[in-house]
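> Okay, predicted coordinates and the sequence, questions at the end:
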Amino acid sequence: MKANLIHGEWVTGTRAVANINPSDTRDVIGDYAQADAAAASAAVAAAAQAFPAWSMSGPQQRFDVLDKVGTELLARAAELGDLLAREEGKTLPEAIGEVTRAGQIFKFFAGEALRQRGDLLASVRPGISVEITREPLGVITIITPWNFPIAIPAWKIAPALAYGNCVVFKPAELVPGSAWALAEVLSRSGLPPGVFNLVMGTGAEIGPALVDDPLVTGLSFTGSVATGRRLAASCATRGAKFQLEMGGKNPLIVLDDADLDVAVNCAVQGAFFSTGQRCTASSRFIVTDGIHDRFVSALVQRMKSLKVGDARQAGIDIGPVVDARQLAIDLEYIQSAQAEGATLAQGGEHHATDAQGQPGFFLTPALFTNTHNGMRISREEVFGPVANVIKVRDFDEAIAVANDTPFGLSSGICTTSLRHATRFKRLAQAGMVMVNAPTAGADFHVPFGGRKGSSMGAREQGTYASEFYTTVKTAYTAA
Ligand SMILES: NC(=O)C1=CN([C@@H]2O[C@H](COP(=O)(O)OP(=O)(O)OC[C@H]3O[C@@H](n4cnc5c(N)ncnc54)[C@H](OP(=O)(O)O)[C@@H]3O)[C@@H](O)[C@H]2O)C=CC1
Ligand SMILES: O=C(O)CCC(=O)C(=O)O
């Protein structure tokens, strides 16, 4: 059984869950210990105990730890990518890419540990100087989803440690393998005991111990809107800092002047790669009259060529849905769209086995046409390989429809017009805007996050991460 890491010790506890491969449900990847509330509290206490010393650690020590982790992740990208594809179901190239991204993130924040900045100002009063510095928050609880089992933990854990915080990390129940592997690398990185702790267990059982404990000074969460808002309310009640990344209903606008190949590529990659299980996935294609029919027909042709199957098999474009529960959600949205009058132009078929007869959660990417923005399929996040086309007259209607959503994470446009691209970048109500590029697939060194219902709190990633993981101190010194 793979154990939890608490105060530098591997702790098994009494219960374990099996990690199942969604491409072949007969394949049990391993058994992973389940922490209970007492173990979660012990992890928080360990982090609090380790904080005073770690908060005073020097930049070289932090650099060395984070750089070592980054180096190992990059060296083991193929092996850890295979584990990630096996437990989560994204294709092997995508999974190896994700591990590589995690390694790059650790390297980036190793550099950040060396670049701790501050300001020195003259006071408005004579003989006094003013220094402005940033200090770590304290104990950070990190709660992550299943869809990016190593990159999202990396982009929370690396900055937390770089800026001098201690961490209690709770991964999603469905993907303990990548989380455990990352924790194991961190456990050999030179971190003092308690600075980083791993607790695997269900949100329902250990969530309160991880979020409501007064020793926890900050929560960084990625997952569903419902859970995020609930946890944020708990944090707000006791004055803890929080940062939430939640859903999206990301539009991709395709204008008459778009390059058709570029538009189809953006649509396929953005909506269906990683089985559409991305908060940045394009799920609404907003297409002007003049290109609508050509776009739909080229997209359907391209979708027919996509191979759905075992995530680790060469040549597969789309891996399985992560589990039976998410598959049921996807199928329910497909039915509901049809019931609302949308036309299923392509896909949406569930296969209980792949071409080799392996039992798994396979779903062919689904495209709906004849939809409008008021339909449920246009308003709610599906989190699967399901997208719909909304026909509009012109740029102005396209941008109005794109912005008419409770979410605001990522927004894209395909156009060859500089004027439209420029206006779009200004008018799109989203944290990330993409021109002739898929709505999904963000860089690791620049801010990531959204507006409206998609995000709350400071941005993640890049140098902007310091906003969440530090607090500002203003020091006055009289000569
Ligand atoms: N924006 C994004 O990247 C993601 C969005 N989603 C959206 O959410 C939907 C449901 O997915 P789901 O995995 O259930 O998302 P959740 O929001 O339930 O899970 C995200 C994380 O929060 C944890 N969690 C759940 N309840 C609590 C709690 N009370 N206290 C502390 N932690 C908690 C989960 O743990 P556990 O696994 O143990 O439940 C998991 O680690 C998807 O269909 C999708 O729409 C999902 C994943 C990622
Ligand atoms: O699109 C990406 O690169 C990241 C997406 C993401 O973080 C998510 O879907 O949760």
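Okay, I see it. Ligands and ions are numbered 1, 2, ... in the order given.

> and residue 70, what does it touch?
Residues near residue 70 by Cβ atoms under 8 Å, 6 or more residues apart in numbering: 103, 104, 105, 106, 107, 110. (Glycine included, C-beta is placed from N, CA and C.)

> Just the ones of these in helices?
103, 104, 105, 106, 107, 110 (DSSP state H).

> Now tabulate those residues in TSV and tack on pLDDT, distance to residue 299 and neighbour count.
Shown next, in TSV, are these (pLDDT from 0 to 100; distance: Cβ to Cβ, whole Å; neighbours: other Cβ atoms under 10 Å):
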residue	pLDDT	distance to residue 299	neighbour count
103	98	34	25
104	98	32	19
105	98	33	29
106	98	37	29
107	98	37	21
110	98	42	23
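
> Now those residues in a markdown table, please, with extra columns for distance to residue 316.
Shown next, in a markdown table, are the ones in helices among the contacts of residue 70 (distance: Cβ to Cβ, whole Å):
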| residue | distance to residue 316 |
| --- | --- |
| 103 | 24 |
| 104 | 25 |
| 105 | 26 |
| 106 | 29 |
| 107 | 30 |
| 110 | 34 |
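
> Tell me the one among those residues nearest to residue 435.
residue 104 (23.8 Å; Cβ to Cβ).

> quick one: the strands in the stretch 351-479 of the chain?
Using DSSP state E, counting those that start in this stretch, the strands of the stretch 351-479 of the chain run over residues 359-363, 366-371, 386-392, 407-408, 410-414, 432-435, 451-452, 455-456, 470-478.

> what's the offset of the last one from the middle of its chain?
It stands for strand 470-478. 33 Å (Cα atoms, centre = their mean, to the nearest Å).

> Within the sheet, what are the partner strands of that strand, with directions?
Strand pairing for strand 470-478, determined by DSSP bridges: strand 128-136 (antiparallel).

> which residues are in contact with the strand it pairs with?
51, 54-55, 116-123, 163-165, 466, 469-479.

> thinking again about what came up before, output the contacts of residue 70 in CSV, with distance to ligand 2 appended to each entry.
CSV is the format used below for these (distance: Cβ to the nearest ligand atom, whole Å):
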residue, distance to ligand 2
103, 15
104, 12
105, 12
106, 17
107, 17
110, 21
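
> tell me which parts of the stretch 251-400 of the chain are close to ligand 2?
Within reach of ligand 2 by Cβ under 6 Å from any ligand atom, the stretch 251-400 of the chain has these residues: 278, 279, 280.

> Make sure the first one is actually in contact with residue 145.
What it means is residue 278. No. Applying Cβ atoms under 8 Å, one finds residue 278 not in contact with residue 145, separated by 10.3 Å.

> Which residue ranges make up each domain of the protein?
Using automatic domain parsing, the domain ranges for the chain come out as 4-246+454-478, 250-435.

> Out of the ones you listed, flag the one nearest residue 445.
Closest to residue 445 of those is domain 4-246+454-478 (Cβ to Cβ; 5.2 Å).

> How many residues are close by the residue nearest to residue 392 when sequence neighbours are not counted?
Leaving aside its sequence neighbours, residue 392 sits nearest to residue 398 (Cβ to Cβ, 6 or more residues apart in numbering; 4.8 Å). Neighbour count of residue 398, defined by other Cβ atoms under 10 Å: 24.

> List the contacts of residue 398.
Neighbouring residues of residue 398 by Cβ under 8 Å, 6+ apart: 253, 255, 286, 288, 392.

> Now, those residues that are in strands?
Those of these mapping onto strands are 253, 286, 288, 392, per DSSP state E.

> Return the set of buried residues in the helix or strand harbouring residue 228.
Following DSSP states H and E, one finds residue 228 within helix 225-238. By neighbour count with 16 or more other Cβ atoms under 10 Å, helix 225-238 contains the buried residues 225, 227, 228, 231, 232, 235.

> Output it in PDB, but only the C-alpha positions, please.
The C-alpha coordinates for helix 225-238 follow below in PDB (Å, rounded to 0.1, in the frame of the first residue of the first chain):
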ATOM      1  CA  VAL A 225     -17.700  25.500  -8.600                       C
ATOM      2  CA  ALA A 226     -19.900  24.000  -5.900                       C
ATOM      3  CA  THR A 227     -17.000  22.600  -3.800                       C
ATOM      4  CA  GLY A 228     -14.900  25.700  -4.400                       C
ATOM      5  CA  ARG A 229     -17.500  28.100  -3.200                       C
ATOM      6  CA  ARG A 230     -18.300  26.000  -0.100                       C
ATOM      7  CA  LEU A 231     -14.700  25.800   0.900                       C
ATOM      8  CA  ALA A 232     -14.200  29.600   0.200                       C
ATOM      9  CA  ALA A 233     -17.100  30.400   2.500                       C
ATOM     10  CA  SER A 234     -15.400  28.400   5.300                       C
ATOM     11  CA  CYS A 235     -12.200  30.200   4.800                       C
ATOM     12  CA  ALA A 236     -13.800  33.600   4.700                       C
ATOM     13  CA  THR A 237     -15.700  32.900   8.000                       C
ATOM     14  CA  ARG A 238     -12.400  32.500   9.800                       C
END
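
> any idea of the mean pLDDT in whatever helix or strand comes next after that helix?
Counting by DSSP H and E, the next helix or strand C-terminal to helix 225-238 is strand 241-245. Strand 241-245 comes out with an average pLDDT of 98.

> How many residues are close by residue 456?
Neighbour count for residue 456, taken as other Cβ under 10 Å: 20.

> Name all residues that make contact with the nearest residue to it once chain neighbours are set aside.
Leaving aside its chain neighbours, residue 456 sits nearest to residue 244 (4.4 Å; criterion: Cβ to Cβ, 6+ apart). The contact partners of residue 244, taken as Cβ under 8 Å, 6+ apart, are 221, 222, 228, 229, 231, 232, 455, 456, 457.

> Those residues of the stretch 101-250 of the chain touching ligand 2, which are they?
So the stretch 101-250 of the chain meets ligand 2 at 147, 148, 152, 222 (Cβ under 6 Å from any ligand atom).

> Among those, which ones are in helices?
Short answer: those in helices (DSSP H) are residue 152.

> just the residues of the stretch 101-250 of the chain next to ligand 2 that are near ligand 1?
Here is what survives when these are matched to ligand 1 using Cβ under 6 Å from any ligand atom: 147, 222.

> between the residues of the stretch 101-250 of the chain next to ligand 2, which is nearest residue 375?
Closest approach to residue 375 among these (Cβ to Cβ): residue 147, at 24.2 Å.

> Tell me the residues of the stretch 151-300 of the chain that contact ligand 1?
Taking Cβ under 6 Å from any ligand atom as the contact definition, the stretch 151-300 of the chain meets ligand 1 at 170, 172-173, 202-204, 207, 211, 222-224, 227, 231, 245-247, 279.

> Of those residues, select the buried ones using a ChimeraX command.
Per 16+ other Cβ under 10 Å, the buried members of these correspond to this ChimeraX selection:
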select :170,172,173,203,207,211,222,223,227,231,245,246,247,279
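
> Next step: the residues of the stretch 151-300 of the chain next to ligand 1 restricted to strands.
Among those, DSSP E puts 170, 222, 245 in strands.

> Could you list which residues are in contact with the first one?
Read that as residue 170. Residue 170 makes contact with 40, 141, 142, 143, 144, 199, 200, 201, 203, 206, 207, 210 under the criterion Cβ under 8 Å, 6+ apart.
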